[in-house]
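1. Sequence first, then the predicted structure:
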Amino acid sequence: MGESLSIFWDQSLYFPSLMSWQEKMMIGRILTLLAVSTVIAAANAATISECRELLRTGKYQECLDETAAAIERRSYGEDWPVLRAEAETRLGRYLQAQETINAGIGRYSWSIRLRMAAIRNSKLLGNSKRVETLLDEINQLATSAPWRYTDADDLVALGEAAIEMGADPKDVLEGFFDRARRNYESRADGHLAAGKLAIEKGDLALAASILRPAIEKFPENADMCFALATAVQTAEPEVAAQLLQRSLEINPNFVPTMQRLAERQIDAEDYETAEDTIADILTINPRSPEAHALNAVIHHLHSRHDKEAESRSRALSVSTANPQVDHLIGTRLSRKYRFREGAAYQRMALEADALYLPAKIQLAQDLLRLGEVEEGWQLADAAQKQDKYDVSLFNLMQLRGSLRKFETRRTEHFVIRMERSESAVYGQQVESLLEEAFAALSAKYGYTPADPVVVEIFHRQDDFAVRTFGLPDVAGFLGVCFGNLITANSPASMRDNPNNWRSVLWHEFCHVITLQMTGNKIPRWLSEGISVYEERIRDQRWGQHMDPGSRKRVLEGNITPVSQLSSAFLNAKSGEDLNFAYYESSMVVEYIVHEHGAEAITLILGDLNAGLTINDALDRRTQGLKELDAQFLDWFRARAEAWAKDVEFVIVREEGAPPPDLIQIAQQNPNHYAAGLAWAAELIRQDFVKEAEEKLLQLIELHPEDSSTGGARRLLAELYKQLERPQKQASVLRDHLQRSSSDLSAAMELLELQTAFEQWPQALQTGDIVLSIDPLQPRPLRQILQATQQLNAPDETQEILNSLLELDPSDGARIHFQLAEILEEKDPQAARRHTLLSLERAPRFRAAHALLLKLTASDTGESPKDEPADSQ
Ligand SMILES: [Zn+2]
C-alpha cells in the first residue's frame, strides 16, 4: 500500500486548477438531481440538519426513523445514509448499518464519507478484507477526482482514510484536518478530527491546544466536550469533570462519556454504580462491546469467572475478530494492578489482530511493570517501528535511554536501579533500608514476597512519570508500587519539596507485601492504610499524623465510613481530601490492630486473596461491618478530641469583614495557637525578645505535638539564633526533630551547631536525618565525616568519603588520601591505589608521598607500576 499511498498523497494536497468538461458535466448533473429531490421532498419531512440535530442530542431512534423515511422517498444526498448508519450504529444495529452503507455506496458510488463509515463498520464486524478493499477504492477515487472532495466532511474522511493507510499524522493534520478547520470555520469536523488524532497519538498538549479554542465555537458538541475532557484529564481534572457533565447535558445518551464514568466507578471499586451505568449503556445499545467488556471486568474482579466468560463472549458477539474487547478488559484490569491478567488479555487482543497497536503498547507497559523487562522493551521497540508518531512510545524509548545509563545493584532480595552517581553516593543506604524492610515486614505478615523485588529510583521526574504512568508531567508522587516493582523519585528531583526517602521506600515495600499477599485483590484504601500505618510503626515521625486540618474534619464528622473508604480516594476533590483519605485509612488499620490484634489484618489479607470482598472480610474479622463503621467513628473522634485538647487553631473570618486582628485574639485567648504565633512574630519584630520567648515557650507547652516547619519550636530556634544563644537554639531544634523527619533545613542547622560544639555522637544522629532527606549535599556530608572520624568509625568514614568523592571531585586529592589511610591496614593494595590517585591530583602532597613510601616498603610483590586505571 505504501506506493499508491504516496501518489494519493501528493495529488490530493493540490487541486488541479482546471476541470475537464466531463467533470463540469458531472457537477451539473448533481446540481440538477439536488434541485429535483428538493421539489419532491414532502412538506413536513425532516431536513438533513434536523436529523443531524436529532443525532447530536441523542435521539437516535427518531434520527433513524427520519433518515430511513427520507431514503425511502429517494431524497438525494449521501448525508442520509451516513446519518442513518450512524444512528443504527449507536443503537447497536451494526448489520443494518452495513446494509444502509452498502445501499448508500450503490447510489453514491463516489462517496468517500460512506466508505469511511463502511470502514468503521467493517472493523466493528471484524471484516478486515473489506477494509483493505475500501481503502483501495478511496485511494482511487481521491486520486482520479481530487477536486470533488474538498468540503469539511470529505477532508476529514480523507484524512481518516490516510491514517488508516499509515500516513504521517503530521501530514494528515496539516493536509486535511487543518484545511478543514481553516476553510470551513463554521464546521466542527476538522477541529474534532485533529484533536482526536492528537489524543490517539498521545499528544495531549497538542490536542488541548486544538480543542480548547474549538469548544468556544462549538459549545454544544458532546464529542468535542468528551475529546477535550480526555486531553485535559491529567492536567485539569476538574475542568475535565465539568466537560464530561456537559456532554451528558447535551446528549443524555452519549455512550463514550457513560463508558468513561463506568470505568471510573470500577476504578473506585464502586461496582454497583458501575453496573447501573453499564446497564444504562445497554438500554441504548444492547450490543455495545465496550459495555459487555466492562461487565466482564467487574466479574473478573469478583472472581466470577463463568460470568466473566459470558460477558466477554457477548462483547465479542458482534465480531470475534475485534481486538478492542480484550484490549479494553486487559487495560481496566491493569488499572487495578492485575498486570498478569491484563497482559494475558492483551495477548488475546493481539491474537485477534497482530498489528493492533494499543494492545502492543499496553502489553509492553504491563510486562515492564511485571519486571519482565526484556520482552517488554522488545515489544515497545516493535511498536515504535510500527508507529513512529506515538508520543507515549516515544517517551518510553527516552526512558529506556535513561535506564540504560542506570547502575544496577543486587542484594539478597532486591534489584535496585539508580543513576550511577546517585548509586555511588547513597546506594548502600538504599540497600540496607530495603533489606531491613524485607526482614521486618515479611516476618510480621508471615509472607515472603517473590524476589527479586525491583526498585527503580529516578533522578528525573519525567522519567519517573513515564515509567510509572506512561506519560510525563505528572507531579506530586513520591513513589509507586506495582506489586513486584517499585518506582520512586530520588531526593535530587524532590528538592522543592524535601521528603524522607527512607519512609517512602518503607511505605512502597509494604505495598509489595500487601499486593502480593492478596494477588493484587486489595482495595487501594487498605493497601495505603497499611503502608502509612507501618511507616509510623517503623519510626513514629514517619507517615501521617493528626493535624489541625484533620482534627477539624473528624470533629465536624466530615469523614468517610470504613465501608465506603474506597470512594474517598476517587472522589477526592483536592490534594487535601486525598491526604486525609490516606490518613483515615491508616487510622482504620490502627484501630483494627488496636481492637483485634495485628493478626486480624493478616487474616483480612488472606480473605481478600481467597476472593472475598473487603467488606465481607471486614465483617468476618472485626466486630461486624456495621459496628466497625460506628465504633471506628467514635474512636477516631475521641482521638481527635484528645489531640491538642483545648487548643484553638481556627480563625473565623466573616465574609466581607476585614481580616481579624490576630494579636487581639491572642491576647484574649491564650489557647489560640495560630494567633499566638502571629503575636510572637510581631513581638520579635518589635524587639520584645523576652516577651516573645515567653509566648513561644507557652505555645510549645500548649501544643507540644506540633511538628510543622512553621510552628512555635522553629520560630523559637530562629529567635535564639538571632540572639546568638546557640545552645538553646540547638536544644529546641533537637526537640523539633524528635517529631519531624523531613525538615531538612532544621536538620542541617542543628548539624552545623553540633559540629561546632564537637558533639560528635549527636552530630552523627542528626546527620542521619539529613541523609534520609537529602544524601546528595557535600557540606553536611563533610560534617558527618568529621563526626565519624572523631568517633573512630572507619566503615562509616569510608562510606562518607566515597560519597564525597562522587559529589565533590575537586577535593579528590584529600579524599583519596583519607581513603588510603583508612584502608592502609585492611586492604593495602586499594590503599596504594588511592594514594596514587591522590598524588595524581596533587603531585606535591607530602603526606601522600610518605604514605606511598610506607605502603611500597611493606609491599609483598606487586610493583606500583601496574596500577589499575583511574576509576574516576
Ligand atoms: Zn502508597
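-> Nice, thanks for sending it over.
2. Tell me which residue of the stretch 201-350 of the chain lies closest to the ion.
-> Here the stretch 201-350 of the chain gets closest to the ion at one residue, residue 337, 11.6 Å apart by CB to the ion. Where you see a C-beta, it was placed from the backbone N, CA and C, and this is true even at glycine.
3. Am I right that that residue sits in a helix?
-> No - with DSSP: H, G, I helix; E, B strand; the rest coil as the criterion, residue 337 is assigned coil and is not in a helix.
4. For it, list the residues it contacts.
-> 482-483, 515, 520 (CB atoms under 8 Å, 6 or more residues apart in numbering).
5. Just the ones in helices from the residues you listed, please.
-> Judged by DSSP state H, the contacts of residue 337 include residue 515 as members of helices.
6. Check the contacts of residue 337 and tell me the two furthest apart.
-> 482 and 520 (9.2 Å; CB to CB).
7. Can you pull the residues that touch both of these two?
-> Residues touching both residue 482 and residue 520 (CB under 8 Å, 6+ apart) are 337, 339.
8. Have a look at the two and say which one is more surrounded.
-> Taking neighbours as other CB atoms under 10 Å, residue 482 and residue 520 compare with residue 482 leading, 23 against 20.
9. for the more buried one, phi and psi?
-> Torsion angles at residue 482 (phi, psi; degrees, to the nearest 10) stand at phi -110, psi 10.
10. list the contacts for it?
-> 337, 339, 369-370, 515.
11. Now do the residue nearest to residue 502 when sequence neighbours are not counted, the pLDDT please.
-> Closest residue to residue 502 apart from its sequence neighbours, by CB to CB, 6 or more residues apart in numbering: residue 772 at 4.5 Å. Listed pLDDT for residue 772 reads 95.
12. Residue 772 and residue 731: what is the separation?
-> Computed as CB to CB, to the nearest Å, the residue 772 to residue 731 distance reads 22 Å.
13. what does the helix or strand harbouring residue 772 rub up against?
-> Assigned by DSSP states H and E, residue 772 belongs to helix 760-773. Contacts to helix 760-773, defined as CB under 8 Å, 6+ apart, come from residues 426, 429, 491, 498-503, 734, 737, 741-742, 744, 747-748, 750-751, 754-755, 777, 780, 783-784, 786-788, 790-791, 796.
14. got the CA coordinates for it in CSV?
-> The C-alpha coordinates for helix 760-773 follow below in CSV (Å, rounded to 0.1, in the frame of the first residue of the first chain):
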residue,chain,number,x,y,z
TRP,A,760,30.0,14.0,67.7
PRO,A,761,27.6,11.3,68.6
GLN,A,762,24.7,13.8,68.4
ALA,A,763,26.0,15.1,65.2
LEU,A,764,26.0,11.6,63.8
GLN,A,765,22.4,11.2,64.7
THR,A,766,21.4,14.5,63.2
GLY,A,767,23.5,13.7,60.1
ASP,A,768,21.4,10.5,59.7
ILE,A,769,18.3,12.6,59.5
VAL,A,770,19.9,14.8,56.8
LEU,A,771,20.9,11.7,54.8
SER,A,772,17.4,10.3,54.9
ILE,A,773,16.1,13.5,53.3
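15. which bits of this structure sit near the ion?
-> By the rule CB under 5 Å from the ion, the part of the chain lying against the ion is 528, 531.
16. can you rerun that using 8 Å?
-> 479-481, 507-508, 511, 527-528, 531-532, 582 (CB under 8 Å from the ion).
17. Filter those residues down to just the ones in strands.
-> Using DSSP state E, the members of the residues of the chain next to the ion that fall within strands are 479-481.
18. Please tell me which one of those residues counts the most neighbours.
-> residue 481 (26 neighbours).
19. tell me the mean pLDDT over the top helix by length along the chain?
-> Longest helix in the chain, counting residues (DSSP H): helix 420-445. Taken as a whole, helix 420-445 carries a mean pLDDT of 96.
20. elements contacting that helix?
-> With contacts taken as 3 or more CB pairs under 8 Å, 6 or more residues apart in numbering; DSSP states H and E, helix 420-445 sits against strand 406-410, strand 414-419, strand 453-458, helix 501-517, helix 524-538, helix 598-609, helix 794-807.
21. Please name whichever of the ones you listed is nearest to residue 819.
-> Nearest of the helices and strands packed on helix 420-445 to residue 819, taken as CB to CB: helix 794-807 at 5.1 Å.
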